[in-house]
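1. Mind looking at a prediction? Sequence and model below.
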Amino acid sequence: MRGPDVPAKALDARALAALAANPGCARRAVLDGAGVDKARLATALGAPSGFGQSQFALTRGNAFEARVKADGGAELLRLAHARLDPGAEPPAGAAVPDLTAHGPEGRTARTALALREATRAGGWTLLDHPMLALDVAGSPAFLEPDAVVVHPDGGWSVVEIKSFPMVDGSADPAKAGAAARQAAVYVLALEQVAARLEPAPRVHHRVLLVCPKDFSNLPAGCAVDVRKQRAVTARQLARLTRIEEIAGALPEGTCFAPDRPAEELTAAVEAVPATYAPECLSACELAFHCRDRARADGAVTRLGRPLRAELGGLATVGEVLAAARGEAGDPDDPAVAALRRAAALRAEALRAAGETAAPYARVVPQAGEAVPCR
């Protein structure tokens, strides 16, 4: 589906988290499952994506992460102790095992071995950029969290390091939510590693989010509970096993290779239904293309998921306006009844406003005619 000579684009935690945030989008599920490079596809469709971080943001983030992990991760472990496990002994002289190996499979095996050894040894251990494997629709997706901390009691915790600020102890809700969804993917992958050990270590559902404090370069941390995000992600990953069913309904020969003509690519993409929402602009490379199509079709999803949920079976702006005017729709439908009630209230308010404004309407004078002041 991605083309005979096009290498597969590996899934990462950010992509899996975005997929879980929009579980109804069959288009993203098929493209991600087939390993299609959506950024190249969007460019070939004539709707290049602005999705992704700038080089300045990447450089700033790398510099901040290096500062957090300096001196053997002393500051990071101090935050983990204070925010996640204050009852444990202080992390003095924590171990930082070497996780280098050949290829993602080798790094995954080396990470699993380091986790097992750290769990048996006790004490604090910091795994810097471990490699985890998560089964996605029958194939492994290799994931690389910023860090994993092993507690003295043998528990495992995920650490997410972000470059957006934490002002007065609180981070931007949208960015913190995206970080929590990404961390939930790592928690799922860690649980698969833990399940192969006997006894299985505890994987904590409270992750450590580390950000710059206020507008400085000093690290601040907070514990984030990702149980909800983990449940949503696990449910969506279970649904990915049905990608074959979605692909089986596509026309024969459907291909998303970026070197195909734009008309052929457009037809291939449109053959897979999408569920666009404004949140896609910050999570999917095809968002601009899907937004243009949603606007052309008059889809109400482009106005946001909450509004779409309130409108029930009314899927387009035309259907909504027709129902409000009484030209279509079932009067017993709560959404239709609410729209008609809102239209009646609006008309009443406009009539009242017109009657109030009429005595004060500005009189346009004729040439040389005086205008009385009110």
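-> Ah, there it is.
2. any idea which helix or strand comes after the helix or strand of the chain with the lowest mean pLDDT?
-> Lowest by mean pLDDT, DSSP states H and E among the helices and strands of the chain is helix 243-248, with a mean of 72. Toward the C-terminal end, the helix or strand that comes next after helix 243-248 (DSSP states H and E) is helix 262-270.
3. Not including adjacent chain positions, what is the nearest residue to residue 214?
-> Closest residue to residue 214 apart from its sequence neighbours, by Cβ to Cβ, 6 or more residues apart in numbering: residue 167 at 5.6 Å. Bear in mind the C-beta positions are built from the backbone N, C-alpha and C, glycine included.
4. thinking again about what came up before, contacts for the least confident helix or strand of the chain next, please.
-> With contacts defined as Cβ atoms under 8 Å, 6 or more residues apart in numbering, helix 243-248 is touched by 1, 26, 29-30, 33-34, 137, 272.
5. how about these in CSV, adding secondary structure, neighbour count and distance to residue 109?
-> Below are the contacts of helix 243-248 laid out as CSV (DSSP: H, G, I helix; E, B strand; the rest coil; neighbours: other Cβ atoms under 10 Å; distance: Cβ to Cβ, whole Å):
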residue, secondary structure, neighbour count, distance to residue 109
1, coil, 17, 30
26, helix, 18, 34
29, helix, 22, 29
30, helix, 23, 31
33, helix, 22, 25
34, coil, 18, 27
137, coil, 17, 22
272, coil, 19, 36
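6. Which stretches in the stretch 201-350 of the chain count as helices?
-> Remark: helices assigned in the stretch 201-350 of the chain by DSSP state H, counting those that start in this stretch are 227-239, 243-248, 262-270, 287-297, 305-310, 317-325, 334-357.
7. which stretches of this protein form strands?
-> Ranges of strands within the chain are 125-128, 132-136, 139-143, 147-150, 156-161, 166-167, 170-171, 206-212, 219-225, based on DSSP state E.
8. rank the ones you listed by pLDDT, which is bottom?
-> Lowest mean pLDDT of the strands of the chain: strand 139-143, a mean of 82.
9. Tell me the buried residues in that one?
-> Going by neighbour count (16 or more other Cβ atoms under 10 Å), the buried part of strand 139-143 is 140-143.
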